[in-house]
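S.K.: Here's a sequence, model it:
(one chain, ligands or ions: 1)
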Amino acid sequence: MKQTSRAVRIPSLRKKKEQGEKITMLTASNSWMARMLAETGDVDILLVGDSLGMVELGYDSTIPVTLDDMVRHTRAVRNGAPNALVVADLPFLTYTSDTDALRSAARLMQEGGANAVKLEGGAPLVQTVRRLVDAGVPVMGHLGLLPQSVHQLGGYRQQATAPEEQEALVADALALEAAGAFSIVVECIPQEAARLVTETCKIPTIGIGAGPFCDGQGLVTHDMLGLSGSSPPSFAKRFAELEATISEATRAFAQEVRGGEFPKAAGAAK
Ligand code: KIV
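M.R.: Below you'll find the model as predicted:
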């Protein structure tokens, strides 16, 4: 099966960066989606992002997402894609102490079957990242727009626009790298800031709304497929319009049921 032969492992991500080969990351939140994405053999990382709180659970932010939610969805993704590289988000306030971070990561890896965890933040989290890595937990960082801090940021807007913020961003990225993170997501920052981080760090950057100069690109799959309603983020290109397809199929089903065309009586001609 394709997903066995193309399964990507964490050390190979760094090699991809060194060889200038782009890394692909898409979110997955259930087993059928994970299975289909993995079977293409084209997705390096399946991210069980806490954005599932918005695209699956109907919340207006990632804040209400619990560790139980993340464990359940991670398990579903692992069930659908047994050989994929699965990274799961540590949700809001589940990594405020090293002990909490270790316990939360243990649940995502042992119960959920994740290969690695992602957490939001820079320099203040360095000790936690080091503790996790020392304990054998691969960690992906996340800088720029931090959705778990949306109330402090005052909304989902571009970050690191000023030169001093870009300097701080690079310092955060280097601190995460030194602490042992294997990769960093940079979300919603100017493309030149993303280029700076990408050129400075040895570990790969995965951009989302951060322009073309990152080592890889990520998207929320619901946005990529046209499944996230009328207002996806402006940077999220829709590669399909599945809402329209689903509406059409639903209307056709209802029409055939009401018209007596579906189902056919047993023995009736097809
Ligand atoms: O939760 C998520 O989907 C993410 C992506 C935006 C990278 O963190």
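S.K.: right, and Glu187 touches Leu145 too?
M.R.: Yes: using Cβ atoms under 8 Å, Glu187 is in contact with Leu145, at 4.4 Å. Where C-beta positions appear, they are placed from N, C-alpha and C, glycine not excepted.
S.K.: For the two, list the residues in contact with both.
M.R.: 159, 209 (Cβ atoms under 8 Å, 6 or more residues apart in numbering).
S.K.: so is Ala160 in a helix, a strand, or just coil?
M.R.: Assigned with DSSP: H, G, I helix; E, B strand; the rest coil, Ala160 falls in the coil class.
S.K.: gap between it and Asp60?
M.R.: Distance of Ala160 to Asp60, computed by Cβ to Cβ, to the nearest Å: 24 Å.
S.K.: All the strands of the stretch 51-200 of the chain, residue numbers only.
M.R.: 86-89, 116-118, 139-144, 183-187 (DSSP state E, counting those that start in this stretch).
S.K.: burial count for Arg258?
M.R.: Residues lying near Arg258 (other Cβ atoms under 10 Å) number 9.
S.K.: deepest of the strands of the stretch 51-200 of the chain, which one?
M.R.: Mean neighbour count (mean count of other Cβ atoms under 10 Å) peaks for strand 86-89 among the strands of the stretch 51-200 of the chain, with a mean of 28.
S.K.: what does that strand contact?
M.R.: Contacts for strand 86-89 (Cβ under 8 Å, 6+ apart): 25, 28, 34, 45-50, 62, 65, 70, 74, 77-78, 108, 112-119, 140.
S.K.: Among those, which ones are in helices?
M.R.: When the contacts of strand 86-89 are checked against helices (DSSP state H), the matches are 34, 70, 74, 77-78.
S.K.: of Ala160 and Asp60, who's got more company?
M.R.: Higher neighbour count among Ala160 and Asp60: Ala160, with 26 against 9, using other Cβ under 10 Å.
S.K.: where do the helices sit along the stretch 101-250 of the chain?
M.R.: Under the criterion DSSP state H, counting those that start in this stretch, the stretch 101-250 of the chain contains helices at 126-134, 150-153, 163-179, 191-200, 221-224, 242-258.
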